[in-house]
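S.K.: A predicted structure for the sequence below; I have some questions about it.
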Amino acid sequence: MKRGWILLIGLILILGMGARLSRATPAQVEVGSSTPGAALSPTATDPRAPSSTPVRTIPATPTFAPTPLPCRDKNGNIETRQLETALLPEPLVFRVYLPPCYHQLPERRYPVLYLLHGQTYTEEQWDRLGVDETADALIAAGQIPPLLIVMPREQDDLTLPPENRYGEAILLDLIPYIDRNYRTREGHAYRAIGGVSRGGNWAVYLGLSHWETFGALGGHSTPSFATLGPPRIREYLLAIPENKIPRIYLDAGEDDGKLLFTLELEAVLTEENILHEWHLFLGAHDEEYWSAHIEDYLRWYAQGWSNLSE
């Protein structure tokens with residue numbers, strides 16, 4: 001009898017250990033979808049459950065022909081500027097990341113990624129998260145093509161659009177300024193927008209309502225503006241020509257307090273049969289989570305520029 005109890009306890013311990021070992025790593029927990037309907041929705045029994053067949057759609061290898069840097073510079077640099085605009089009470093402050101060799105190659109033109117910060121933060125957030133160092137490393141390794149990264153500051157992070165004209169200032173003043181003063185590539189296919197938290201709200205709002213301006217949009221830990229619920233999202237989606245829908249990426253941490261809102265947004269894309277990617281990782285709604293995925297983000301945005309040549 002005693003021996004039986006010992007065997008039973010041993011079996012329980014083994015099963016418990018197996019359960020702990022089977023817990024997915026961050027790469028396994030994500031649920032990736034490049035085809036509609038494969039991702040989780042708010043009606044899922046457990047939105048934090050990993051996929052039975054985890055999919056990693058962010059490539060670990062280059063999707064374009066890598067070439068060595070044509071100069072000795074290994075690091076890009078960040079410029080801080082401000083732009084007068086009648087749409088905002090104060091000048092629009094922004095940072096611009098210039099890739100290595102930008103000044104040594106006066107004939108080369110670059111795709112542009114607009115990154116928007118979270119609520120209570122400023123454009124410095126992306127620098128703190130390590131976007132420039134990560135871009136430097138990926139460019140030097142030939143993993144992504146050289147690009148410009150523009151990081152504008154939102155002055156009023158409480159007011160929603162359309163009363164808040166931050167988005168209009170980006171569209172009508174900042175983008176034209178960047179295109180005039182930096183060597184950017186022409187066409188919306190070479191322009192992407194993304195953001196974390198509230199910045200992700202802006203990215204989704206601007207990327208869908210002005211689909212002719214951006215070829216890709218990313219919402220990282222993004223819920224949605226109170227004025228940007230499912231009905232409005234559907235309205236924007238239906239207004240976009242089928243062959244003009246931008247590439248879309250959504251992700252969040254499984255312990256994100258706003259996860260249900262993100263799931264609601266993702267569900268609309270799935271229900272409307274919109275091609276998109278959805279990733280659920282370990283983590284919360286914080287800078288530790290975002291900084292851990294900067295490389296993933298940059299790789300995904302760069303996929304749209306895989307046909308770049310010198």
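M.R.: Thanks, I have it. Numbering: from 1, shown residues only.
S.K.: only C-alpha atoms for contact and neighbour calcs from this point on.
M.R.: Will do.
S.K.: could you pull out the helices for the stretch 101-250 of the chain?
M.R.: With helices called from DSSP state H, counting those that start in this stretch, the stretch 101-250 of the chain shows them at 124-129, 131-140, 166-169, 175-181, 198-209, 230-239.
S.K.: elements contacting the second one?
M.R.: So the one you mean is helix 131-140. Judged by 3 or more Cα pairs under 8 Å, 6 or more residues apart in numbering; DSSP states H and E, helix 131-140 is in contact with helix 294-303.
S.K.: What is the helix it packs on packed up against?
M.R.: helix 131-140.
S.K.: List the buried residues in the helix it packs on.
M.R.: Going by neighbour count (16 or more other Cα atoms under 10 Å), the buried part of helix 131-140 is 131-133, 135-140.
S.K.: Who's the closest spatial neighbour of Leu237, skipping the chain neighbours?
M.R.: Leu208 (6.8 Å; Cα to Cα, 6 or more residues apart in numbering).
S.K.: where in the stretch 101-250 of the chain is pLDDT low?
M.R.: Of all residues in the stretch 101-250 of the chain, those with pLDDT under 70 make up the ranges 226.
S.K.: 90 instead, please
M.R.: Counting by pLDDT under 90, the stretch 101-250 of the chain shows low-confidence ranges at 157-163, 223-232, 242.
S.K.: if we can go back for a sec, select, out of the helices of the stretch 101-250 of the chain, the one closest to Gly218.
M.R.: Closest approach to Gly218 among these is made by helix 198-209 (6.6 Å; Cα to Cα).
S.K.: what angle do that closest one and helix 230-239 make?
M.R.: 40 degrees (axes from the mean of the first three to the mean of the last three Cα atoms, to 10 degrees).
S.K.: Not counting its own residues, what contacts helix 198-209?
M.R.: 115-119, 167, 193-195, 213-214, 216-225, 228, 233, 236-237, 240, 246 (Cα atoms under 8 Å, 6 or more residues apart in numbering).
S.K.: now stretch 72-89
M.R.: 90-102, 132-133, 136, 140, 165-166, 168-169, 173-174.
S.K.: Isn't Leu148 up against Val96?
M.R.: Yes - using Cα atoms under 8 Å, Leu148 is in contact with Val96, at 6.8 Å.
S.K.: Could you check how far stretch 118-131 is from the centre of its chain?
M.R.: 13 Å (Cα atoms, centre = their mean, to the nearest Å).
S.K.: Please point out which parts of it sit buried.
M.R.: 118, 121-123, 125-126, 129, 131.
S.K.: Among the residues you listed, which one lies nearest to Ile144?
M.R.: Nearest to Ile144 among the buried residues of stretch 118-131, with distances taken as Cα to Cα, is Val131, at 13.1 Å.
S.K.: And the strands in the chain?
M.R.: 77-83, 92-98, 112-116, 148-152, 191-196, 216-220, 247-253, 277-281 (DSSP state E).
S.K.: Could you say which of these is packed most deeply?
M.R.: Of the strands of the chain, the one with the most neighbours on average (mean count of other Cα atoms under 10 Å) is strand 216-220, at a mean of 29.
S.K.: name the helices or strands packed onto it?
M.R.: With contacts taken as 3+ Cα pairs under 8 Å, 6+ apart, strand 216-220 sits against strand 191-196, helix 198-209, strand 247-253.
S.K.: Serialize these to JSON lines and add fields for distance to Gly304.
M.R.: Supplementary listing: these in JSON lines, determined by distance: least, Cα to Cα, whole Å:
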{"stretch": "strand 191-196", "distance to Gly304": "9"}
{"stretch": "helix 198-209", "distance to Gly304": "15"}
{"stretch": "strand 247-253", "distance to Gly304": "8"}
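S.K.: Please name whichever of the ones you listed is nearest to Glu287.
M.R.: Distance to Glu287, taken as Cα to Cα, is lowest for strand 191-196 among the helices and strands packed on strand 216-220, at 9.2 Å.
S.K.: got the contact list for Val131?
M.R.: Ile294.
S.K.: Kindly provide the distance from it to Ile149.
M.R.: 9 Å (Cα to Cα, to the nearest Å).
S.K.: again with Ala141
M.R.: Distance from Ala141 to Ile149, by Cα to Cα: 18 Å.
S.K.: Determine which residue lies closest to the centroid of the protein.
M.R.: By Cα atoms, centre = their mean, the chain has its centre lying nearest to Gly218, at 3.7 Å.
S.K.: I am finished for the moment; much appreciated.
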